[in-house]
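Undergrad: pasting the sequence and the predicted coordinates here, then a few questions.
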Amino acid sequence: MDKFPTRCVHAGTIKDEVKKGINSPVYTSTSFEYIDQPDTIYPRYLNTPNENAVAEKIASLEDGESALVFSSGMAAISTVLFTFLGSGDHAVFQKGLYGGTSHFLEREFEKFGIECTVASSQEAVDLESCIRENTKLVYIETPSNPLLSITDIQAVAQMAKRSGVITIIDNTFASPVNQQALAI
């Protein structure tokens, strides 16, 4: 299953051993019995085989180790940001972010004691000029939403690495069909 088109179709496929369906069946969400089960399945966290199948497909298409599926893009963005940022930390963001992300930064970061700077552009040099001693990450979207601005992922990642901070990339618009950020 090396070729990208093959992975698009077959990665994460669920084999329907009961009804012998050709496509992966759709499982509705439910609560599960926990006692004497091989997996502890918590509702809303990979609680259907479909979530596992989608995560497996995304990991395959992105050439990643694994993936998580969220109910929304903002759920994914906020989870990633709060994973790496805490009180007293600073983050750098490119100009022209998705409105939901900008709103999140403006409304939520202060409550948690997190500082952020929005650079004057998406250019690596402008992002670098915003880095402080307490900066933990640089966040970019490429193509950006909604303006479709393109950021040089490699230049930003190299700059961030030299600065000792991680790079987070929202790759929503390009998808792994057009851009595989992990490979850059």
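TA: Noted; the coordinates are in hand. Residues are numbered from 1 along each chain as shown.
Undergrad: in the longest helix along the chain, what's buried?
TA: In terms of residue count, the longest helix belonging to the chain (DSSP state H) is helix 49-62. Neighbour-count burial for helix 49-62 flags 50-62 (criterion: 16 or more other C-beta atoms under 10 Å). No exception for glycine: its C-beta is placed from N, CA and C like everyone else's.
Undergrad: again, but for stretch 75-83
TA: Neighbour-count burial for stretch 75-83 flags 77-78, 80-81 (criterion: 16+ other C-beta under 10 Å).
Undergrad: also stretch 104-115?
TA: Neighbour counts over stretch 104-115 (16+ other C-beta under 10 Å) mark 104-105, 109, 114 as buried.
Undergrad: now those in a markdown table, with secondary structure, pLDDT and distance to residue 92?
TA: Converted to a markdown table, these look like this (DSSP: H, G, I helix; E, B strand; the rest coil; pLDDT from 0 to 100; distance: C-beta to C-beta, whole Å):
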| residue | secondary structure | pLDDT | distance to residue 92 |
| --- | --- | --- | --- |
| 104 | helix | 96 | 15 |
| 105 | helix | 96 | 11 |
| 109 | coil | 97 | 12 |
| 114 | coil | 98 | 12 |
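Undergrad: I'd say residue 115 and residue 134 touch.
TA: Yes: with contact defined as C-beta atoms under 8 Å, residue 115 reaches residue 134; the gap is 7.5 Å.
Undergrad: shared neighbours of these two, anything?
TA: 89-90 (C-beta atoms under 8 Å, 6 or more residues apart in numbering).
Undergrad: how far does stretch 167-184 stretch from start to finish?
TA: Start-to-end span of stretch 167-184 (C-alpha to C-alpha, to the nearest Å) is 12 Å.
Undergrad: got a pLDDT number for the closest residue in space to residue 143 that isn't next to it in sequence?
TA: The shortest distance from residue 143 to any non-neighbouring residue, by C-beta to C-beta, 6 or more residues apart in numbering, is to residue 173 (4.4 Å). Note on residue 173: pLDDT of 85.
Undergrad: how about residue 134?
TA: pLDDT for residue 134: 98.
Undergrad: pLDDT weak spots in the protein?
TA: Across the chain, the ranges flagged by pLDDT under 70 are 1, 28-35, 37-47.
Undergrad: domain parsing for it?
TA: Split into domains by automatic domain parsing, the chain comes to 4-62, 73-183.
Undergrad: dihedrals phi and psi, residue 16?
TA: Taking degrees, to the nearest 10, you get phi -90, psi 90 for the backbone angles of residue 16.
Undergrad: and it, what is it in contact with?
TA: 24-25.
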